[in-house]
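Novice: Give me the fold of what follows.
(4 chains)
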Number of protein chains: 2
Amino acid sequence: MDGRRTTVRDMRRSNRSVLLTSIYRDGPLSRFELGHRTSLSAASVSNLVGELLDEGVVEEAGSVESDGGRPRVLLRVAPAFGYVAGAEVGETRVRVELFDLAMNVLATKVYPIETPKPAPALAVKYVLAGLAEVLAEANISSDRVIGLGVAVAGIVEGPADAVVHAQTLGWDAVPFGAMLAAETEIPIQVDNGANTLGQAEMWFGAGRGATDAVVALVGSGVGAALVTGGSSYRGIRSSAGEWGHTTIVYGGRGCRCGAEGCLEAYVGAEGVLDRYRLAGGEVTPGDEEAAFTGLLDAVGTSEVAAKVVEDTIGYLGAGFANLVNLFNPEKIVLGGWSGLLLGERYLPQLREAVGRHALRQPYAQVSLELCELGRDAVAMGAATLPVLRLLRDGGNPPLPAESAAR
Amino acid sequence: MDGRRTTVRDMRRSNRSVLLTSIYRDGPLSRFELGHRTSLSAASVSNLVGELLDEGVVEEAGSVESDGGRPRVLLRVAPAFGYVAGAEVGETRVRVELFDLAMNVLATKVYPIETPKPAPALAVKYVLAGLAEVLAEANISSDRVIGLGVAVAGIVEGPADAVVHAQTLGWDAVPFGAMLAAETEIPIQVDNGANTLGQAEMWFGAGRGATDAVVALVGSGVGAALVTGGSSYRGIRSSAGEWGHTTIVYGGRGCRCGAEGCLEAYVGAEGVLDRYRLAGGEVTPGDEEAAFTGLLDAVGTSEVAAKVVEDTIGYLGAGFANLVNLFNPEKIVLGGWSGLLLGERYLPQLREAVGRHALRQPYAQVSLELCELGRDAVAMGAATLPVLRLLRDGGNPPLPAESAAR
DNA sequence: GGGACTAAGTTCACGTCTTGTAAGAAGTCT
DNA sequence: AGACTTCTTACAAGACGTGAACTTAGTCCC
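Specialist: The predicted structure follows:
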């Protein structure tokens, strides 16, 4: 398969990466601690940290008291070494946010989208305008931006041109990444919104500490981000994780994807409300969210509502169980607006439903939790993509005058 | 997460590994070719190959004619550098095979198991006896055996003690790996049978060349081996891939796992025949295989049989589609005895059924094929485990006097 | 307030590794 | 014989991690 040699340079890059990642993830650390954690010698730590300090990637952050010895100097990634931007391109809005490296929000800009199927060019325009605006607001020049991560509500193919297929946006094979890259110098990374939200949860939310997890998003649509071995799984062409369109009721309800019996048709908010309606329930007028809350509130008084909710929990539990049996994850994190509404009230019942459908062994090893971050974290998750790349590369190593492959 | 340093030794090991893997996988190669493929310099290739030659891991294998120059000397992994053994512990038999490094079978020994639920100790006894026997038959001393891979029909937890849970064998939390390791010096690796067969298909069968694939096994039971990024995916505690027990008909037929609507209950041979029986079909007497063949043969004359087979194809297609949507694999390989019987006659229909349930995008990227190796490849797949380890470590590098971690 | 004591961080010589480059050896073809 | 190509060997250069010695920066005790 891979025929890649290792050179002495890879070694240094790898060690820089390990060191930098450790500093970033495990808060301020002393050189001593770093040596311990990475099992690098004190000499190497000193050497590499010195380099990272010189480049400004990390900075000293006070020292820790000692009981009779030289105090340890704490190190952290310099929040102002660079900035990252995250954008969310959804059906109803484009949201752009600017962060420092510590992922503090510096500025936010939201553009509502009125037209139901926005042209890709419009989305590009909004993203770039938003980027310019948040930079202006935070008074940061664009050359200090390490990268821009963009989350799109659809399938994103390959990192190359980031070709996007999004039924809800009406996009078919749109080279969204290339379109953005043509207009700006800033490195672009495009990914699925479910994946970026999952990324955010893994770093800063309920997924912290897990290496193999699934972040399931249940809203009007249904998706999942699969995290394996600490990094997001993408499949051969980056379109893995379409959990919402796995068959759970063979020959069942029609789904907007054209197939029958998809999980989304049963547990997506739209599907749930539709089932409620068909069962004779009175759907609260207003938007989908109001209707869904109305359904949940009616459980105590309406048998129909109770039945629909109970069934939903069952379907969702079976859907989770499928993930548990297939992936054997450490953790399942439930998010998405309707998923959260449901999870807040029925988490124990959901856990129990998973147990009914999953195999004993993997079920005993998984924990089911709720997302801790709101849907606004989609943009933040997108912004972590450039950070991830920075950590992987160990900062911006000097002497980049090297061809990638020959 | 991982806080692992890289040293100059790792570099060498890594390069040895790349080189050795390349020689192993891509047949006999000249040093020149090797340098090209691995992008290592000729000097390094010569250096490393010289070392590998001295250690006996690789050997020269003739030379290729030249058109006016020194002929290239071909190199291959020395088949007789060491030997690997593979064992299959199934419900009805224990099968032990001995291979050289080129995976030529040197000897085979099969022990039928009469008792329905064999005690783990008995399986250990058979495996070790079989190992001794095949070694004697091939006249090879046990210290030349690099490792023994064992495939078990059940969930295998973690590489540590290899705790096995196998309902069909009646095993619950059996530390099978530890039990074997206690009785022999040879390194033991235990894995699920579906995984080892998948491994064999990926290396020598229909999966050649793919990096992201699923090997689906459909027999009396149903399982799958997930291969991601060139290596088998195992989940947090090695029990991933239980595809047979994912829900495909919510609230449907009871499954022997205790849940309802599992894929296995619909497309496993037992489930298919049961459905045939319930639909009023006349099941051919004899064993399951005869009955299943009888069902397929009756399709032309019996409407009931035709319907059952058609449904089976539908269910299986939906099951595949779930994998396609979740994993976005490059290839799906169908195996298992009943899966092959079905696939040989209805591959186009199966492909079409997958298309009906899968999303367009990932479906367009996947190909569906049949296993090329028989079920006897389970033991061979198990035997590849030690080979894989050998390749990963780049042979047995000198100076092993180094602690693994500190 | 001064002198131990202690622990963190730094410097430097050393060994290991890949990589050029160059020169030579080993074959084969014209 | 001469041309040509593939390996091998040798050697210097460059990059890296490491261990041991060394420096630095505090605390503590008298």
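Novice: Give me the outermost residue of chain A relative to its centroid.
Specialist: A:G68 (44.9 Å; Cα atoms, centre = their mean).
Novice: just checking, what packs against the helix or strand bottoming out on mean pLDDT in chain A?
Specialist: The weakest-scoring helix or strand in chain A, judged by mean pLDDT, DSSP states H and E, is strand A:58-64 (a mean of 82). Judged by 3 or more Cβ pairs under 8 Å, 6 or more residues apart in numbering or on different chains; DSSP states H and E, strand A:58-64 is in contact with helix A:42-55, strand A:72-77. For every residue, glycine as well, the C-beta is placed using N, CA and C.
Novice: The last one near DNA strand C anywhere?
Specialist: Yes: under the criterion of Cβ under 7 Å from any atom of the strand, strand A:72-77 makes contact with DNA strand C via A:R72, A:V73.
Novice: Check which residues of that strand are buried.
Specialist: A:R72, A:L74, A:L75, A:R76, A:V77 (16 or more other Cβ atoms under 10 Å in any protein chain shown).
Novice: Kindly report the same for stretch A:147-166.
Specialist: Buried residues in stretch A:147-166, defined by neighbour count with 16+ other Cβ under 10 Å: A:147-157, A:161-166.
Novice: got a list of contacts for stretch A:50-65?
Specialist: A:16, A:19-20, A:23, A:28, A:30, A:49, A:71-78, A:81, A:395-396, A:398 (Cβ atoms under 8 Å, 6 or more residues apart in numbering or on different chains).
Novice: mind redoing it with 10 Å?
Specialist: With contact meaning Cβ atoms under 10 Å, 6 or more residues apart in numbering or on different chains, stretch A:50-65 is reached by A:12, A:16, A:19-20, A:23-24, A:27-33, A:48-49, A:70-82, A:101, A:390, A:394-398.
Novice: Which of these fall in helices?
Specialist: Using DSSP state H, the members of those that fall within helices are A:R12, A:R16, A:L19, A:L20, A:I23, A:Y24, A:R31, A:F32, A:E33, A:L48, A:V49, A:L390.
Novice: Next, the angle helix A:42-55 makes with the least confident helix or strand of chain A.
Specialist: Strand A:58-64 runs at 120 degrees relative to helix A:42-55, counting by axes from the mean of the first three to the mean of the last three Cα atoms, to 10 degrees.
Novice: What pairs with strand A:58-64, parallel or antiparallel?
Specialist: The strands beside strand A:58-64 in its sheet (DSSP bridges) come out as strand A:72-77 (antiparallel).
Novice: Return the distance of the following helix or strand past the partner strand from the chain's centre.
Specialist: As assigned by DSSP states H and E, the chain's next helix or strand after strand A:72-77 is strand A:83-89. When distances are taken as Cα atoms, centre = their mean, to the nearest Å, strand A:83-89 is centred 12 Å away from the chain's centroid.
Novice: can you tell me the average pLDDT over strand A:83-89?
Specialist: Average pLDDT, strand A:83-89: 95.
Novice: Next: stretch A:195-207.
Specialist: 93.
Novice: can you dump the C-alpha coordinates of it into PDB?
Specialist: Extracted in PDB, the C-alpha atoms of stretch A:195-207 (Å, rounded to 0.1, in the frame of the first residue of the first chain):
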ATOM      1  CA  ASN A 195     -18.500  16.000  11.200                       C
ATOM      2  CA  THR A 196     -17.500  19.500  12.300                       C
ATOM      3  CA  LEU A 197     -20.000  19.500  15.100                       C
ATOM      4  CA  GLY A 198     -18.800  16.100  16.100                       C
ATOM      5  CA  GLN A 199     -15.300  17.400  16.100                       C
ATOM      6  CA  ALA A 200     -16.300  20.200  18.400                       C
ATOM      7  CA  GLU A 201     -18.000  17.800  20.800                       C
ATOM      8  CA  MET A 202     -15.000  15.500  20.800                       C
ATOM      9  CA  TRP A 203     -12.600  18.400  21.700                       C
ATOM     10  CA  PHE A 204     -14.700  20.600  23.900                       C
ATOM     11  CA  GLY A 205     -17.900  18.800  24.600                       C
ATOM     12  CA  ALA A 206     -19.300  15.400  25.700                       C
ATOM     13  CA  GLY A 207     -16.800  13.500  23.700                       C
END
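Novice: show me what contacts the residue in the stretch 101-250 of chain A that chain B sits nearest to?
Specialist: Among the residues of the stretch 101-250 of chain A, A:G235 lies nearest to chain B; the distance is 2.7 Å by Cβ to the nearest Cβ. Taking Cβ under 10 Å, 6+ apart as the contact definition, A:G235 lies against A:226, A:241-242, B:212, B:228-229, B:324-330, B:362, B:365-366.
Novice: Quick check: closest non-adjacent residue to it.
Specialist: Distances taken as Cβ to Cβ, 6 or more residues apart in numbering or on different chains place B:N328 nearest to A:G235, at 2.7 Å, with adjacent residues excluded.
Novice: Please work out how many residues are found near the one you found.
Specialist: 27 (other Cβ atoms under 10 Å in any protein chain shown).
Novice: Isn't it up against A:N192?
Specialist: No: the pair B:N328 / A:N192 is not scored as a contact, 11.4 Å apart, by Cβ atoms under 10 Å.
Novice: Pull up the overlap in contacts between those two.
Specialist: Residues touching both B:N328 and A:N192 (Cβ under 10 Å, 6+ apart) are A:I155, A:R234, A:S238, A:S239, A:A240, A:G241, A:E242.
Novice: The first one against B:Y363, yeah?
Specialist: The reference is to A:I155. No: in terms of Cβ under 10 Å, A:I155 does not count as a neighbour of B:Y363; the distance is 11.7 Å.
Novice: Give me the common contacts of the two.
Specialist: Here A:I155 and B:Y363 have B:N328 as joint contacts, going by Cβ under 10 Å, 6+ apart.
Novice: Poorly predicted segments of chain A, please.
Specialist: Flagging of chain A using pLDDT under 70 yields the residue ranges A:1-4, A:66, A:397-406.
Novice: Alright, I will stop here.
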